[in-house]
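> Quick one: sequence plus predicted model below, questions after.
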Amino acid sequence: AQKVTQAQTEISVVEKEDVTLDCVYETRDTTYYLFWYKQPPSGELVFLIRRNSFDEQNEISGRYSWNFQKSTSSFNFTITASQVVDSAVYFCALSEAPGSQGNLIFGKGTKLSVKP
Amino acid sequence: DAGITQSPRHKVTETGTPVTLRCHQTENHRYMYWYRQDPGHGLRLIHYSYGVKDTDKGEVSDGYSVSRSKTEDFLLTLESATSSQTSVYFCAISALGTDLSNQPQHFGDGTRLSIL
């Protein structure tokens, strides 16, 4: 069965600190996709990144970076030099091969609070 | 922003009453999804649709039905609302393709439903 675990329920940091959000997944498929979504206090869900299982290259986008390691089934998200605007709930999600109809399995989310 | 509109945005109703939530998209995407978000559970799939009149159940489908008579509209109905269905409901759309590149789902702004 597919499963996504975000063990950190809440994290609190001070502005400019680096913070890593952990995501561990379980799947039997060899083809799958991993996602991160951000949910700010206003409530909408914002897509951040998609990564497929054949691409283990890490990705950097500004202050955001993602570390995908198939050996440990992890897809961790790091925010460098955090800012107050990064305060949000972050969700990691898994989707199996296209035959799965694209359904997303979400983790329970990590609430990040960045204090000034 | 993806053209997804959920209505109503907020609703308060009583136990036992029928409730219908609407999701409207302007992207002409084939796939549409309904999720519910509850504290401590993340987002969980209720039902999804892969075309007009083509729908299937998700993880938490009991007590819910859906209909899709047009590409642009996906309706979620609670036939007889219960207090356990108090939640935030999100609609999502996806231009799921046939290659290995799984399109990310884009979400509506959510409907906050309270059942008293």
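Happy to help now that I have it.
> Going by neighbour count, which residues of stretch A:13-30 are buried?
In terms of neighbour count (16 or more other Cβ atoms under 10 Å in any protein chain shown), stretch A:13-30 has its buried residues at A:V13, A:V19, A:L21, A:D22, A:C23, A:V24, A:Y25, A:T27. All C-beta spots, glycine's among them, are computed from the backbone N, C-alpha and C.
> Could you list which of the residues you listed also contact chain B?
Subset of the buried residues of stretch A:13-30 in contact with chain B: empty, counting by Cβ under 8 Å from any Cβ of the partner chain.
> Now tabulate these in TSV and tack on secondary structure and distance to B:S61.
Below are those laid out as TSV (DSSP: H, G, I helix; E, B strand; the rest coil; distance: Cβ to Cβ, whole Å):
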residue	secondary structure	distance to B:S61
A:V13	strand	38
A:V19	strand	36
A:L21	strand	30
A:D22	coil	30
A:C23	coil	26
A:V24	strand	27
A:Y25	strand	23
A:T27	coil	22
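> Now for those: which two are most distant?
Maximum pairwise distance among those (Cβ to Cβ): 30.3 Å, between A:V13 and A:T27.
> host element of the residue minimising distance to the centre of chain B?
Most central in chain B under Cα atoms, centre = their mean is B:W34, positioned 2.3 Å from the mean C-alpha point. Per DSSP states H and E: B:W34 is located in strand B:31-38.
> List the strands paired with that strand, with their directions.
Paired with strand B:31-38 in the same sheet, following DSSP bridges, are strand B:42-51 (antiparallel), strand B:87-94 (antiparallel).
> any chance of those strands in CSV, with mean neighbour count too?
Below are the strands paired with strand B:31-38 laid out as CSV (neighbours: other Cβ atoms under 10 Å in any protein chain shown):
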stretch, mean neighbour count
strand B:42-51, 21
strand B:87-94, 24
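> Out of the ones you listed, which is closest to B:T5?
The nearest among those, by Cβ to Cβ, is strand B:87-94 at 8.7 Å.
> downstream neighbour of that closest one in the secondary structure list?
Strand B:87-94 is succeeded, C-terminally, by strand B:106-107 (DSSP H and E).
> Mean confidence (pLDDT) on that following strand, please.
Over the span of strand B:106-107, the pLDDT mean works out to 92.
> check whether it contacts chain A.
Yes - judged by Cβ under 8 Å from any Cβ, strand B:106-107 comes into contact with chain A at B:H106, B:F107.
> Where does pLDDT dip in chain B?
B:1-2, B:97-103 (pLDDT under 70).
> Neighbours of A:T80, how many?
Neighbour count for A:T80, taken as other Cβ atoms under 10 Å in any protein chain shown: 14.
> ok, it - contacts?
Neighbouring residues of A:T80 by Cβ atoms under 8 Å, 6 or more residues apart in numbering or on different chains: A:D18, A:R63, A:Y64, A:S65.
> Could you report the distance from it to A:P40?
Distance, A:T80 to A:P40, by Cβ to Cβ, to the nearest Å: 19 Å.
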